[in-house]
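**Student:** return a 3D structure for these sequence lines:
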Amino acid sequence: MKKQKFDIYAYGCTYVPNKIFYSLTISDTSITQYAMCLYILYRTYGKDLDVAPINLDEFAAYAAEDDPDKIKKQLQQLIDKRIVLCLEVKPGNIRFYKINPDITQWNDKNLQKLHGTDVWRKLLANQRIQKEWVDDLMK
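**Tutor:** Below is the predicted model:
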């Protein structure tokens, strides 16, 4: 029997580089910050754009947060950690964001714990994360 090919793009799936997705999942971010990063990934990689114009109201709606000041503070923390880059500001409080594709620039304590380990070096070399590497992280 022939193996049937499965086209993920027919179902609206988005390709996100493994090193970004994996680093984001182990980074020291709050659930709100994680949701904001996923939204940026959706608006950039999902729409095949380099940067995405997003205002604070969109972030608030996506992260189910009513307080715009809290969203602004959470977003600023992501920018300070260099996980998110704000590349341009337009009138009407529209800013252009993207996830920093160079994870070595991320200033994150969980990723810094991995720095210098085999897992980190292999991740940066774009090699696949294997089960034994993940098991080493969980020890």
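**Student:** how much space separates residue 98 from residue 70?
**Tutor:** 22 Å (Cβ to Cβ, to the nearest Å). (C-beta placed from N, C-alpha, C; glycine too.)
**Student:** tell me which of those two has more neighbours.
**Tutor:** residue 98 (18 against 13; other Cβ atoms under 10 Å).
**Student:** who's in contact with that one?
**Tutor:** By Cβ atoms under 8 Å, 6 or more residues apart in numbering, the residues touching residue 98 are 40, 44, 50, 51, 52, 84, 85, 87.
**Student:** now do residue 92
**Tutor:** Residue 92 neighbours (Cβ under 8 Å, 6+ apart): residue 55.
**Student:** what do you get if the cut-off is 6 Å, keeping everything else the same?
**Tutor:** If you count contacts by Cβ atoms under 6 Å, 6 or more residues apart in numbering, residue 92 has none.
**Student:** shouldn't it be within a strand?
**Tutor:** No. Going by DSSP: H, G, I helix; E, B strand; the rest coil, the assignment for residue 92 is coil, not a strand.
**Student:** before we move on, the earlier item: buried only: go through the contacts of residue 98 for me.
**Tutor:** The neighbour-count criterion (16 or more other Cβ atoms under 10 Å) marks 40, 44, 51, 52, 84, 85 among the contacts of residue 98 as buried.
**Student:** could you show me where the helices are in this structure, in order?
**Tutor:** In the chain, the helices defined using DSSP state H lie at 18-26, 31-44, 56-62, 68-80, 109-114, 118-124, 131-138.
**Student:** and the ones you listed: which comes nearest residue 91?
**Tutor:** helix 56-62 (14.5 Å; Cβ to Cβ).
**Student:** what's in contact with that closest one?
**Tutor:** Contacts of helix 56-62 (Cβ under 6 Å, 6+ apart): 36, 39, 68, 71.
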